[in-house]
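> I need the structure of the sequence given here:
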Amino acid sequence: MKNFTPREIVSELDKYIIGQSDAKRAVAIALRNRWRRQQVRPDLRDEIAPKNIIMIGPTGVGKTEISRRLAKLAEAPFVKVEASKFTEVGYVGRDVESIIRDLTELSVKMVKDEEKVKVQAKAEEFAEERLLDCLLPPATASPYEELDEERREGERDLQKKTRDKLRKLLRAGKLAERVVEIETSEQKTPVIEILSASGADDMDMNLKDMFSNIFPRKSKQRKLKVPEALVLLTQEEAARLIDMDVVMKKAVERVEQSGIVFIDEIDKIAGRQSGQGPDVSREGVQRDLLPIVEGSTVNTKYGMVKTDHILFVASGAFHVAKPSDLIPEFQGRFPIRVELTTLGEKEFVRILKEPKNALLKQYKELLETEDITIEYTDDAVAEMARIATLVNERMENIGARRLHTVMERVFDEVSFKAPDMEDGEKVVIDKEYVTSRLADILEDEDLSRYIL
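Okay, the predicted model is just below:
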């Protein structure tokens, strides 16, 4: 896990997310505290519990985007789940313990990829030797067994020189078009679908392990071009060099010490028990989530995983329900609450222009692939932001997501005609152009409900 300072974390998030400084600060402090805890003396380290966060704010203001960017920054096992996908034990739906199983699976993949990088050089070396064996069978192979010792020795010397020449040609890329037949191992297990109310993930996991032991690995002959064969053999050799016991141990430890779980749509499971109707299991999901959030041990195929020090970040719009509608025990496990502000016209102008992945940059780059140059005027950007704000006020406020619908409408004609336009043609997007594309729709309120 990288030891970014809170200021550096906020600075990185600022490159992609406009505003919401309170949420960024809270997330930055929580992430830094993970690193601080690792530096504390061991006897106190286990006593320091993570301070979980609830982000409250309307849709389209950056809650999910903060979590996505945080995942890339943290370089720690990170999983994002939707609270509405889980149900109380006994109902049809996913069991909450599958969150930790998914997180562990992801951690194993991360550690395995890191270990592959460490053994890459050795794997490439072994793969090269195997490929040369395919191109030029060694002197110990069956055609040479019947020769006397002296002639066999001569063949060995000759082969060594030929092998060295082939190695040079291989490294120089002069054998790229040559086809070789290589032997690869693969394991086929039958596809099994499990229809079960609960515990299906666990049952599926156990069955896959059982069948992998029943069905042995089979070797298969494949004809491939030399570069493709080299890649395949390198992957096989890297897999053989990795010690999976070490990988599993490291992965479980990483989940326990630096894992992060982002629970989206937490407001969808808020609400007091009504005792009837489709919402009957809402409170039950909270009760099931509670042991995992406060610290318990979950059984995974890589061993037991303790959740005591996993950081949980929850988010929700809370249009209908309120955070106080969550059960008290669940509220108590999320001591940090951050409110994200609604985005207005000024923020929309900045969202269109400033982020690294700004929409204006995206559309410009997309049309440059057709050799069309796009130029924006400041009043056009301001007009798009104004229209997006106006439509949000008139109808459902979907935040910055409204900019996507507005931009698609503005670029609809250019995107369609681009392949037929002259190479190097310049298109200027100004206020008049934006108005001409959107005026009719804005005037007809019923139409704008469907199109924007």
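
> what about Thr307, how many residues close to it?
By other C-beta atoms under 10 Å, the residues close to Thr307 number 22. Placement of C-beta: from N, CA and C, glycine included.

> measure it to Leu360 for me?
In this structure, Thr307 and Leu360 are separated by 43 Å, where distance is defined by C-beta to C-beta, to the nearest Å.

> same thing with Leu135?
Distance from Leu135 to Leu360, by C-beta to C-beta: 53 Å.

> under a three-state scheme, what state does Leu169 occupy?
For Leu169, the secondary-structure state derived from DSSP: H, G, I helix; E, B strand; the rest coil is helix.

> in contact with it: list those residues for me.
When contacts are counted by C-beta atoms under 8 Å, 6 or more residues apart in numbering, Leu169 is found next to Leu175.

> buried set for stretch 3-12?
Residues of stretch 3-12 classed as buried: 4, 6, 9-10, 12 (neighbour count, 16 or more other C-beta atoms under 10 Å).

> hmm, which two among these are most spread apart?
Taking C-beta to C-beta, the two most distant members of these are Pro6 and Glu12; they sit 10.9 Å apart.

> list the contacts for the residue lying closest to Val434 once chain neighbours are set aside?
Of all residues beyond its chain neighbours, the one nearest Val434 is Glu383 (4.6 Å), with distances taken as C-beta to C-beta, 6 or more residues apart in numbering. Under the criterion of C-beta under 8 Å, 6+ apart, the contact list for Glu383 reads 431, 434-435.

> next one: Glu383, what pLDDT does it get?
Per-residue confidence for Glu383 comes out at a pLDDT of 92.

> what helix or strand is it located in?
With secondary structure defined by DSSP states H and E, Glu383 is part of helix 378-394.

> list the buried residues for that helix?
By neighbour count, and taking 16+ other C-beta under 10 Å as the criterion, the buried residues in helix 378-394 are 380-392.

> which one of those residues is nearest Lys80?
Compare each of the buried residues of helix 378-394 with Lys80 using C-beta to C-beta and the shortest gap goes to Asn392, at 25.3 Å.

> residues touching the closest one, list them.
The neighbours of Asn392, taking C-beta under 8 Å, 6+ apart as the test, are 398-399, 402.

> just the buried residues of the longest helix along the chain, please?
Among the elements of type helix in the chain, defined by DSSP state H, the one spanning the most residues is helix 98-135. By neighbour count on 16+ other C-beta under 10 Å, the buried set for helix 98-135 is 98-108, 110-112, 115-116, 119, 123-124, 126-128, 130-132, 135.

> stretch 394-411 too?
Of the residues in stretch 394-411, those buried under the neighbour-count criterion (16+ other C-beta under 10 Å) are 397-400, 402-403, 406-407, 409-411.

> and the next helix or strand past the helix or strand encompassing Lys165?
When elements are defined using DSSP H and E, Lys165 is found to belong to helix 149-171. Next in sequence after helix 149-171, counting helices and strands by DSSP H and E, comes strand 179-186.

> CA atoms only: put that following strand into PDB for me.
In PDB, the C-alpha atoms belonging to strand 179-186 read as follows (Å, rounded to 0.1, in the frame of the first residue of the first chain):
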ATOM      1  CA  VAL A 179       5.000 -22.200 -36.900                       C
ATOM      2  CA  VAL A 180       5.900 -24.600 -34.100                       C
ATOM      3  CA  GLU A 181       4.000 -27.400 -32.400                       C
ATOM      4  CA  ILE A 182       4.100 -27.100 -28.600                       C
ATOM      5  CA  GLU A 183       2.600 -29.200 -25.800                       C
ATOM      6  CA  THR A 184       0.400 -27.200 -23.300                       C
ATOM      7  CA  SER A 185      -1.400 -28.500 -20.300                       C
ATOM      8  CA  GLU A 186      -5.000 -27.600 -19.600                       C
END
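
> contacts for that strand?
Taking contacts as C-beta under 8 Å, 6+ apart, the residues outside strand 179-186 that touch it are 130-131, 134-135, 217-226, 229, 232-233, 236.

> 10 Å instead, please
Applying C-beta atoms under 10 Å, 6 or more residues apart in numbering, the external contacts of strand 179-186 come out as 127, 130-131, 133-135, 216-226, 228-230, 232-233, 235-236, 239-240.

> where does the chain have low pLDDT?
1-2, 87-93, 138-152, 154, 186-218, 271-281, 441, 444-452 (pLDDT under 70).

> tell me which stretches of the chain form strands.
53-56, 78-82, 179-186, 218-225, 260-264, 297-300, 303-306, 311-316, 336-339, 373-376, 426-429 (DSSP state E).

> what's the burial count for the nearest residue to Leu360 once chain neighbours are set aside?
Spatially, and ignoring its direct neighbours in sequence, Leu360 is nearest to Leu352 (5.3 Å; C-beta to C-beta, 6+ apart). As a burial measure, the neighbour count of Leu352 was computed by other C-beta under 10 Å and equals 24.

> widest-spaced pair of the buried residues of helix 378-394?
Ala380 and Asn392 (18.9 Å).

> reformat the buried residues of helix 378-394 as TSV; add distance to Gln38.
Compiled in TSV, the buried residues of helix 378-394 are given as follows (distance: C-beta to C-beta, whole Å):
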residue	distance to Gln38
Ala380	50
Val381	45
Ala382	47
Glu383	50
Met384	46
Ala385	43
Arg386	48
Ile387	49
Ala388	44
Thr389	45
Leu390	49
Val391	48
Asn392	43
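
> looking at the contacts of Asn392, spot the one nearest Gln257.
Checking the contacts of Asn392 against Gln257 by C-beta to C-beta gives Gly399 as the nearest, at 34.8 Å.

> chain center to stretch 399-417: distance?
In terms of C-alpha atoms, centre = their mean, to the nearest Å, the gap separating the centre of stretch 399-417 from the centre of its chain is 26 Å.

> likewise for stretch 14-22?
For stretch 14-22, the gap between its own C-alpha mean and the chain's C-alpha mean amounts to 20 Å (C-alpha atoms, centre = their mean).

> enumerate the positions of that stretch that are buried.
14, 16-20.

> measure that stretch end to end?
Stretch 14-22 has its terminal residues 12 Å apart, counting by C-alpha to C-alpha, to the nearest Å.

> got it, and stretch 299-306?
9 Å.

> could we number from 3 for the rest of this?
With the count now opening at 3, the last piece we talked about shows up as stretch 301-308.

> so for that stretch, what gets flagged as buried?
Buried positions in stretch 301-308, judged by neighbour count with 16+ other C-beta under 10 Å: 302, 304, 307-308.

> now swap in stretch 241-261 and tell me
Within stretch 241-261, judged by 16+ other C-beta under 10 Å, the buried ones are 244, 249-250, 252-254, 256-261.

> which one of the buried residues of helix 380-396 is nearest Leu168?
Nearest to Leu168 among these is Val383, at 60.3 Å by C-beta to C-beta.
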